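Undergrad: only geometry, no sequence info:
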């Protein structure tokens, strides 16, 4: 089992320094987000931990400062299920930061019963896609000002089960917790592709990441048979630090070695499903997302 695991976990290292760079990592109080923030801080970056629970965010910042000598990390409140909170977070960033080189849209919810965000969006689509879509929209001027800069969106292999239900994005006609999660993860990939196309000339590149099957808090809502399957294949489940590898890879690898708009897993370029390459769906999702959020983003 251990030999098989050693083949499954990518071996990748880099000593790239990020001194003078600024990064935002959403959902950075625990799991992949915290490990990502810790690594970037260890490379000299100033890292903003964007967290819904400020007590846990402050604790994560303290942990990183204790473990990484000279770490420049701060916690800021961000609830991706509330557009007002996203606006306040963005306003705070513009008031306190002169630059932004990395926006890592890591936070997410998974496999929850049908619930709505503050603004009335289905929770998984609302947080995983719309929340990060809106956050990126609000911070784009700072990303452009700091170019070259990168947006990294965490997706999942679960996108293969997804379909964008344009006539039922909020799950009002039909809802299944796995299908809703898969839809949101497919949306992450389509958003990445369209964002890359629209912002490449501005010096802002975008990448979507599949971290693999990771032992994080996001899995707490998984029910049978999926939970049973995860336990059976536990030797293939990554630690949070291992799950952060590909995100970090997309952050520090030279731009010339990455495919803008590409989908990455196990520290390398990978192929998404055909649905993840649908340019028409990506363009439509962009327009629909703008309409749902009441914004104009050309």
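TA: That came through fine. Remember, predicted model here, so these are calculated numbers, not experimental data.
Undergrad: For the chain, just list every one of the strands.
TA: 22-26, 46-51, 72-77, 102-105, 149-154, 204-210, 263-265, 268-270 (DSSP state E).
Undergrad: As a markdown table, the ones you listed with mean neighbour count would be great.
TA: (C-beta placed from N, C-alpha, C; glycine too.) A markdown table is the format used below for those (neighbours: other C-beta atoms under 10 Å):
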| stretch | mean neighbour count |
| --- | --- |
| strand 22-26 | 27 |
| strand 46-51 | 27 |
| strand 72-77 | 18 |
| strand 102-105 | 28 |
| strand 149-154 | 25 |
| strand 204-210 | 26 |
| strand 263-265 | 22 |
| strand 268-270 | 13 |
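Undergrad: right, and these - which one's nearest residue 95?
TA: In this view, the strands of the chain are compared for proximity to residue 95 by C-beta to C-beta, and strand 72-77 is the closest at 11.0 Å.
Undergrad: before we move on, back to that, out of the strands of the chain, which comes closest to residue 187?
TA: strand 149-154 (9.4 Å).
Undergrad: one step back: in TSV, list the strands of the chain along with distance to residue 132 and mean pLDDT.
TA: As requested, the strands of the chain are exported to TSV (distance: least, C-beta to C-beta, whole Å; pLDDT from 0 to 100):
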stretch	distance to residue 132	mean pLDDT
strand 22-26	7	98
strand 46-51	10	98
strand 72-77	15	98
strand 102-105	4	98
strand 149-154	7	98
strand 204-210	11	98
strand 263-265	16	97
strand 268-270	20	96
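Undergrad: Using TSV, please lay out the ones you listed together with distance to residue 35.
TA: Shown next, in TSV, are those (distance: least, C-beta to C-beta, whole Å):
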stretch	distance to residue 35
strand 22-26	10
strand 46-51	12
strand 72-77	13
strand 102-105	11
strand 149-154	12
strand 204-210	13
strand 263-265	16
strand 268-270	19
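Undergrad: check contacts around residue 288.
TA: 166, 169 (C-beta atoms under 8 Å, 6 or more residues apart in numbering).
Undergrad: where's it relative to residue 155, distance?
TA: From residue 288 across to residue 155, the span is 18 Å (C-beta to C-beta, to the nearest Å).
Undergrad: Indicate which one of the strands of the chain is closest to residue 182.
TA: strand 204-210 (12.6 Å).
Undergrad: and the closest one, how far from the chain's centre?
TA: A distance of 9 Å separates the centroid of the chain from that of strand 204-210, by C-alpha atoms, centre = their mean, to the nearest Å.
Undergrad: So which elements touch it?
TA: helix 132-145, strand 149-154, helix 177-199, helix 245-252, strand 263-265 (3 or more C-beta pairs under 8 Å, 6 or more residues apart in numbering; DSSP states H and E).
Undergrad: Turn those into JSON lines, columns for distance to residue 279.
TA: JSON lines is the format used below for those (distance: least, C-beta to C-beta, whole Å):
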{"stretch": "helix 132-145", "distance to residue 279": "17"}
{"stretch": "strand 149-154", "distance to residue 279": "17"}
{"stretch": "helix 177-199", "distance to residue 279": "7"}
{"stretch": "helix 245-252", "distance to residue 279": "21"}
{"stretch": "strand 263-265", "distance to residue 279": "14"}
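Undergrad: Any idea which of these gets closest to residue 14?
TA: When the helices and strands packed on strand 204-210 are compared (using C-beta to C-beta), the closest one is helix 245-252, at 5.2 Å.
Undergrad: name the helices or strands packed onto the closest one?
TA: helix 31-42, strand 102-105, strand 149-154, strand 204-210, strand 263-265.
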